[in-house]
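Enquirer: Here is a sequence together with a model predicted from it:
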Amino acid sequence: MLFSRYATPLALLLGLGLAAFAIADQMTADRRSAHERAVIARSDELTARAMAPGSALACLDAAPGDATETACEAAVFGSPQATAAAVAYIGARMALLADAKDMPALAPRLATTRRAIELDRFGIAAQVLSQRDGCSAAQCTGFALVTDSSMLRSNLKARTFDQYVSRHAVAWNGPAQPAPDKPVASAQPPAAPAPQAAAPAAEPRQVSSKYDFPSAASIPAVSIMNSEPPLAKEAADARQAAAAQGAALGDRAPPAPPERTPVPPRRPQVPNEPQ
């Protein structure tokens, strides 16, 4: 009787406890799932940054080999900005590994990132551990992020990153090359060349005073539009006499000479001046 009296409340409490535990476990699973999705999104974002055109960050994710080693070094340390971007990128990759440390389901997805940190090309990962976590070659909590930490220890001891920076800092601090001058287009058209001055006219030669030339008024004007001037009196008399003789002789008379057109008086010729 007593057992049945308290059985119902105990069963109710037990059911509430189980429900609360299930809810808490579901909430924990949801938080873990959300955290995993956030890590995956960060990984994809970093990969997209590395694969962007013209980005040198892809050199830090893979091992292209000796054939491209020199080109990758020139790209990563080509300028202070490129080197700072490389350090920030490796730091973000290492933070991603730290956040995914308790997520075994993400281990295959982050295997490439872990391998890149183990290789530690150019000593950038060792530089991040030294500056951010205060690590040394003897002791560092960041060694737990990778399977093999021998390269990280070696780069921390040799300060490999500082050697690369010293090698390329000479080019960073060198004088900037001046840009070639470009011709400036003029808004106005080129001026036309100035016309050449006309050559002075030759001065007229002076004629000796011993020559006397007729004036223009003394020379009669001649025009083809005017009618024929009248014949001279002698020419008219000769013509009338010839006509009378022809009438007397009839048909046997020789033909009258052709009429000659009077010619206007010619302008007197000027003899050449002696030299």
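Expert: Arrived safely.
Enquirer: tell me which residues in stretch 75-84 are buried?
Expert: Within stretch 75-84, the residues that count as buried by 16 or more other CB atoms under 10 Å are 75, 76, 77, 82, 83. Every residue, glycine included, has its C-beta placed from N, CA and C.
Enquirer: end-to-end on that stretch?
Expert: For stretch 75-84, the separation between the terminal residues is 12 Å (CA to CA, to the nearest Å).
Enquirer: Verify the stated contact: residue 123 with residue 164.
Expert: Yes. Residue 123 is in contact with residue 164 according to CB atoms under 8 Å; the separation is 6.9 Å.
Enquirer: who has more neighbours, these two?
Expert: Neighbour totals were compared for residue 123 and residue 164, and residue 123 leads with 22 against 19 (other CB atoms under 10 Å).
Enquirer: Averaging pLDDT per element, find the lowest-scoring helix or strand in this protein.
Expert: Lowest on mean pLDDT, DSSP states H and E among the helices and strands of the chain sits helix 233-249, with a mean of 67.
Enquirer: could I have stretch 237-247 exported to PDB, CA atoms only?
Expert: What follows is stretch 237-247, C-alpha atoms only, in PDB (Å, rounded to 0.1, in the frame of the first residue of the first chain):
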ATOM      1  CA  ASP A 237      40.700 106.700-155.500                       C
ATOM      2  CA  ALA A 238      42.600 103.700-156.700                       C
ATOM      3  CA  ARG A 239      39.700 101.400-156.000                       C
ATOM      4  CA  GLN A 240      37.300 103.600-157.900                       C
ATOM      5  CA  ALA A 241      39.700 103.800-160.900                       C
ATOM      6  CA  ALA A 242      40.000 100.100-161.000                       C
ATOM      7  CA  ALA A 243      36.200  99.700-160.900                       C
ATOM      8  CA  ALA A 244      35.800 102.100-163.900                       C
ATOM      9  CA  GLN A 245      38.400 100.300-165.900                       C
ATOM     10  CA  GLY A 246      36.800  97.000-165.300                       C
ATOM     11  CA  ALA A 247      33.500  98.300-166.400                       C
END
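Enquirer: so where do the helices sit in the stretch 1-150 of the chain?
Expert: Here the stretch 1-150 of the chain has its helices, by DSSP state H, counting those that start in this stretch, at 2-50, 69-76, 80-99, 111-119, 124-133, 150-158.
Enquirer: Least confident of those, on average?
Expert: Of all those, the minimum mean pLDDT falls on helix 2-50 (a mean of 73).
Enquirer: circling back: from the buried residues of stretch 75-84, which two are the most distant?
Expert: Greatest spatial distance among the buried residues of stretch 75-84 (CB to CB): 75 and 83, at 10.2 Å.
Enquirer: quick one: contacts of the helix or strand where residue 161 lies?
Expert: In the assignment (DSSP states H and E), residue 161 maps to helix 160-172. Contacts to helix 160-172, defined as CB atoms under 8 Å, 6 or more residues apart in numbering, come from residues 73, 77-80, 83, 122-124, 126-127, 154-155.
Enquirer: can you check stretch 120-136 too?
Expert: Contact partners of stretch 120-136, identified using CB under 8 Å, 6+ apart, comprise 59-60, 63, 72-73, 76-77, 86-87, 90-91, 94, 117, 140-143, 151-152, 155-156, 158-164.
Enquirer: Mind listing what's buried along it?
Expert: For stretch 120-136, a neighbour-count test (16+ other CB under 10 Å) marks 120, 121, 122, 123, 124, 125, 126, 127, 128, 129, 130, 135 as buried.
Enquirer: got it, and stretch 48-66?
Expert: For stretch 48-66, the neighbour count (16+ other CB under 10 Å) marks 50, 56, 57, 59, 60, 61 as buried.
Enquirer: pretty sure the fourth one contacts residue 74?
Expert: It refers to residue 59. No. Using CB under 8 Å as the test, residue 59 is too far from residue 74 to be in contact (9.9 Å).
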